[in-house]
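Student: Predicted model and sequence follow; I will ask about them next.
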Amino acid sequence: MTLTPLDPEVVAAHLRPPPLADLARTARRRKRRRWVTGAAAVASTVAAATLALPLGSGHPEPPAITDLPQPRPTQTYTSPPLPSPPRFHRFMTVLDRTTAVSFGQTGCAVVVQLTTDSGRTWTTPGGPPPLADCNPSTDVPFEQTVLDAATYRVAIAGRGWFTTDAGRTWTPAPADREVGAFPPGRPDTTLECESGCDRPRAVDPDTGGLLTLRTDPPFKQYREADWADPDTIWVVEKETPNSGRKLRAARSNDRGRTWSEPFDLPLKHGGNLVPTGPRKAYFERLTSTGMDLYRTDNGGQDWTWRTLPMESPIGVTQTATGELIVLAGVLAGMDGWVSTDRGKTFTGPATIPLSRPSSGGLGRGLAYGTDSEKTTQVYDGTGWYEIPPPR
């Protein structure tokens, strides 16, 4: 992902609510997608209501994985203490309401810190080696993948680095490696196919290298690839303009070793897939009046449909216990809605005020947003929780 400091003119432009069509693909549960909206620092009370919404019309055991992990590189870089990054260069990956990883950019270096106590304390700033040939005034592109609270892959200008101790020591990530099936995945992350790809890739949890499959899914180009659970992957074919046919998807219940036949999604273009299990998924589309939410319980053979009338909806996610969360952005901050009956009715909104423009996204079972002061608010369906940034 390319991270760019906030430009005052761009921020000013976003003080107006962005077009819903622009938000449809950019704000979700993903590790790298973020949305932007304006917010005034005003007091807001939590109002409770229930919306009744109209209803429209075997997971096999995976085969044994025999691929051996690649040996870890012996070269290790121990990070010296690094300064905290500038305020507008910080991005947060939220794992739960107490655990978050802060990624920042300062000059030619990436700075990483971890909290496990809701931001009360943070680890000492550390990071991979700074780029040798780099102009400190130039924005350095980098991507981050969080495997767990202490294990991350960071790619700086295309060079991959890997840590298993929350950023204290780093090893260079090896070259891509082909495997019969991916290691177990984490449901709230995507595979390395964020902006489209020719084949899905996963991060090797032992080395930080990228893994590709011996048997690719049944498409030539992909719009996205997502984990639904540790064994199940759903992929969406890249849109073909003016093709006249619906979007297509496929799924694997054995981490990519075998794939289903392609099946149709509800729309011809746009929308966003949110898989939640081996045969269950949601498909969301923002409209001028709210959100159209489609659901399948049989692997895409049939889809039911509902319209969610929330103001400025952003996206949906599902908790581990099955509650459906909808995040909505309003000028006063963010609204959180929750459903315990798979979208038939919703309770909310629970509103959190945010100061000035804000960014955020959705993880598995939670929504989060960061305001201009870089304080992150996390919503898990029961309420909002604050994670202040490193100081």
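Tutor: Looks like it arrived, so ask away.
Student: Poorly predicted segments of the stretch 51-200 of the chain, please.
Tutor: The model of the stretch 51-200 of the chain has pLDDT under 70 over residues 51-76, 78-89, 188.
Student: Can you show me the strands along it?
Tutor: 77-78, 90-94, 100-106, 109-115, 142-148, 151-156, 159-163, 169-172, 177-179 (DSSP state E, counting those that start in this stretch).
Student: Just list what the fifth one packs against, helices and strands only.
Tutor: So the one you mean is strand 142-148. Helices and strands touching strand 142-148, by 3 or more CB pairs under 8 Å, 6 or more residues apart in numbering; DSSP states H and E, are strand 90-94, strand 100-106, strand 151-156. Backbone N, C-alpha and C define where each C-beta goes, glycine included.
Student: run the last query once more with 10 Å
Tutor: Helices and strands touching strand 142-148, by 3 or more CB pairs under 10 Å, 6 or more residues apart in numbering; DSSP states H and E, are strand 90-94, strand 100-106, strand 109-115, strand 151-156, strand 159-163, strand 202-203.
Student: Most tightly packed of the ones you listed?
Tutor: With neighbours taken as mean count of other CB atoms under 10 Å, the helices and strands packed on strand 142-148 reach their highest mean count in strand 202-203, at a mean of 26.
Student: hey, C-alpha coordinates of the next helix or strand after that strand in CSV?
Tutor: The helix or strand immediately downstream of strand 202-203 is strand 210-213, counting by DSSP states H and E. The C-alpha coordinates for strand 210-213 follow below in CSV (Å, rounded to 0.1, in the frame of the first residue of the first chain):
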residue,chain,number,x,y,z
LEU,A,210,4.9,-14.8,-0.3
LEU,A,211,3.3,-18.1,-1.2
THR,A,212,1.5,-19.0,-4.5
LEU,A,213,-0.6,-22.0,-5.3
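Student: partners of strand 210-213 in the sheet?
Tutor: Within its sheet, strand 210-213 is paired with strand 177-179 (parallel), strand 202-203 (antiparallel), according to DSSP bridges.
Student: Can you add distance to Asn253 and give the strands of the stretch 51-200 of the chain back as JSON lines?
Tutor: Shown next, in JSON lines, are the strands of the stretch 51-200 of the chain (distance: least, CB to CB, whole Å):
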{"stretch": "strand 77-78", "distance to Asn253": "39"}
{"stretch": "strand 90-94", "distance to Asn253": "27"}
{"stretch": "strand 100-106", "distance to Asn253": "30"}
{"stretch": "strand 109-115", "distance to Asn253": "33"}
{"stretch": "strand 142-148", "distance to Asn253": "21"}
{"stretch": "strand 151-156", "distance to Asn253": "25"}
{"stretch": "strand 159-163", "distance to Asn253": "28"}
{"stretch": "strand 169-172", "distance to Asn253": "33"}
{"stretch": "strand 177-179", "distance to Asn253": "17"}
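Student: Mind checking those strands for the one nearest to Gly363?
Tutor: Closest approach to Gly363 among those (CB to CB): strand 90-94, 5.8 Å.
Student: Give the pairing partners of that closest one; include direction for each.
Tutor: Applying DSSP bridges, strand 90-94 is found paired with strand 100-106 (antiparallel).
Student: Determine the angle, from 0 to 180 degrees, between the partner strand and strand 142-148.
Tutor: 160 degrees (axes from the mean of the first three to the mean of the last three CA atoms, to 10 degrees).
Student: quick thing: my sequence starts at 3, can you match it?
Tutor: Understood, numbering begins at 3; the last thing we discussed is strand 102-108.
Student: Would you mind getting the angle between strand 102-108 and strand 153-158?
Tutor: Between strand 102-108 and strand 153-158, the angle comes out at 20 degrees (the same axes, to 10 degrees).
Student: and the angle from strand 102-108 to strand 111-117?
Tutor: 160 degrees.
Student: hang on, Asp228 is in a strand, isn't it?
Tutor: Yes - checked against DSSP: H, G, I helix; E, B strand; the rest coil, Asp228 lies within a strand.
Student: now the strands paired with strand 212-215 in TSV, with distance to Gln146?
Tutor: Formatted as TSV, those follow (distance: least, CB to CB, whole Å):
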stretch	distance to Gln146
strand 179-181	20
strand 204-205	10
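Student: For Met94, which of those is the nearest?
Tutor: Taking CB to CB, strand 204-205 is the member of the strands paired with strand 212-215 nearest to Met94, at 19.2 Å.
Student: now the closest one: how far from the chain's centre is it?
Tutor: 15 Å (CA atoms, centre = their mean, to the nearest Å).
Student: Show residues contacting that strand.
Tutor: Applying CB atoms under 10 Å, 6 or more residues apart in numbering, the contact partners of strand 204-205 are 147-149, 153-155, 162, 164, 175, 181, 183-187, 191-195, 211-215, 227, 229, 235, 257-258.
Student: From those residues, list just the buried residues.
Tutor: Buried by 16 or more other CB atoms under 10 Å: 147-149, 153-155, 162, 164, 175, 181, 183-185, 187, 191-195, 211-215, 227, 229, 235, 257-258, out of the contacts of strand 204-205.
Student: Test my guess that Ile235 contacts Gly279.
Tutor: No - using CB atoms under 10 Å, Ile235 is not in contact with Gly279, being 11.8 Å away.
Student: Name the residues contacting each of these two.
Tutor: Common neighbours of Ile235 and Gly279, using CB under 10 Å, 6+ apart, are 253, 255.
Student: Now do the longest strand along the chain: distance to the chain's middle.
Tutor: Criterion DSSP state E: the longest strand present in the chain is strand 347-355. In this view, strand 347-355 has its centroid 21 Å away from the chain centroid, taken as CA atoms, centre = their mean.
Student: Enumerate the positions of it that are buried.
Tutor: Buried residues in strand 347-355 (16+ other CB under 10 Å): 348-355.
Student: and what of stretch 363-376?
Tutor: Applying a neighbour-count criterion of 16+ other CB under 10 Å, one finds 363-374, 376 buried in stretch 363-376.
Student: if we can go back for a sec, ok, the buried residues of strand 347-355 vs Arg170, which is closest?
Tutor: Of all these, Arg170 sits closest to Ile354, with 33.2 Å by CB to CB.
Student: surely the closest one meets Ala330?
Tutor: No - Ile354 is beyond contact range of Ala330, at 11.2 Å (criterion: CB under 10 Å).
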